[in-house]
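Trainee: with the sequence up front, the predicted model follows.
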Amino acid sequence: MQVARIRTLEAYKEYKLKNAEALKDAWLKEKALSEAKKNTTFTIRGFSYPAEEMVDFQVDYLYSNGSDINWRERVICPVTGLNNRLRGCIHLVDFELGLRPWQHIYIAEQVTPLYDFLKKKFPDLTGSEYLGDDKQPGFVNENGWRHESATALSFTNASMDAYLSFECFEHIPDFRKAFAEAARILKPGGKFMWSVPFADTEYKNIIRAIIDNNGQVKHLLEPEYHGDPVSDKGILCFTHFGWEMLDQVRAEGFSDVYALLYRSDIFGYLGNEQILFIAEKSASNN
């Protein structure tokens, strides 16, 4: 698997320039496959890390523009039902974070296939969903779903070995407070892994909407809504992040903070390089 750890926009630009030919070749190969298989369902042979076996990954044009495959959200493992993005998250939770089954882990989702898979690996995994402003952090509803707010988590200080959050922070207006909460609940040396919509060529975050002084949503750009596992209404995206985000996370009590770029033909991590972010809480922080 091709993996790169990048800490600044300048380093990212150098990396892209150095690897431009290889990245272009991979893109052309996948583009040709998209055109050859247009509007059909087909399979690609590879090794599914979560299933621990060779499989025929299932590929189709769901969630696409009809001509280019949405590689990130497809390439489904027939054994686990997990797509490209989710399989990659599981792979890198193991190999980048090095977590053990007895450790205390919080993941900011609960009614998802990713949570179900990780709960079997990590019995002390705690998951949650955002169930509304009227709920208290730590509340559990009749379905067994736990409510947490990323800006006011119910967990005690320095109680978690790891915090996982995938495609959540873009929906939080005060994301700096959410980053601070991540640092608060992690033990010194604890690991934070997350993903967000990322403008990889920009330093500054792109703020799409804010909450004004009257508590109302003010749109600065065309409203963008993402899927919500507990509601059919979708959820508003407030921010597309840039490299500024890494500096903001460092400022909230984390030491090493970096973007993790990865791609692999054999593991079925196809399409543009995927990006996860990793931070380690400073050892001196409590």
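Mentor: Thanks, I have the structure now.

Trainee: any idea which helix or strand in this protein has the lowest mean pLDDT?
Mentor: Least confident element among the helices and strands of the chain, by mean pLDDT, DSSP states H and E: strand 231-236 (a mean of 84).

Trainee: beyond that one, next helix or strand please.
Mentor: strand 239-240 (DSSP states H and E).

Trainee: pull the residues that contact that following strand.
Mentor: 169-170, 175, 196-199, 205-208 (C-beta atoms under 8 Å, 6 or more residues apart in numbering). (Glycine included, C-beta is placed from N, CA and C.)

Trainee: make it 10 Å
Mentor: 169-173, 175, 196-199, 202, 205-210, 221, 224, 245 (C-beta atoms under 10 Å, 6 or more residues apart in numbering).

Trainee: just checking, which of these belong to helices?
Mentor: Using DSSP state H, the subset of those located in helices is 175, 245.

Trainee: ok, of the contacts of strand 239-240, which come out buried?
Mentor: Among those, those scoring as buried are 169-173, 175, 196, 198-199, 205-206, 208-209, 224, 245 (criterion: 16 or more other C-beta atoms under 10 Å).

Trainee: pLDDT wise, what is Ser34 at?
Mentor: Per-residue confidence (pLDDT) for Ser34: 83.

Trainee: what's the burial count for the nearest residue to it once chain neighbours are set aside?
Mentor: Distances taken as C-beta to C-beta, 6 or more residues apart in numbering place Ile69 nearest to Ser34, at 4.9 Å, with adjacent residues excluded. Neighbourhood size, Ile69 [other C-beta atoms under 10 Å]: 24.

Trainee: do Tyr12 as well
Mentor: For Tyr12, using other C-beta under 10 Å, the count is 18.

Trainee: the one 4 residues further on too?
Mentor: Here the number of neighbours of Lys16 (other C-beta under 10 Å) works out to 16.

Trainee: list the buried ones in the host helix or strand of it?
Mentor: Assigned by DSSP H and E, Lys16 falls within helix 9-18. Using 16+ other C-beta under 10 Å as the test for burial, helix 9-18 gives 9, 12, 15-16.

Trainee: same check, this time on stretch 37-48
Mentor: Buried-residue list, stretch 37-48, by 16+ other C-beta under 10 Å: 46, 48.

Trainee: next, the distance between the ends of that stretch.
Mentor: End-to-end span of stretch 37-48 (C-alpha to C-alpha, to the nearest Å): 22 Å.
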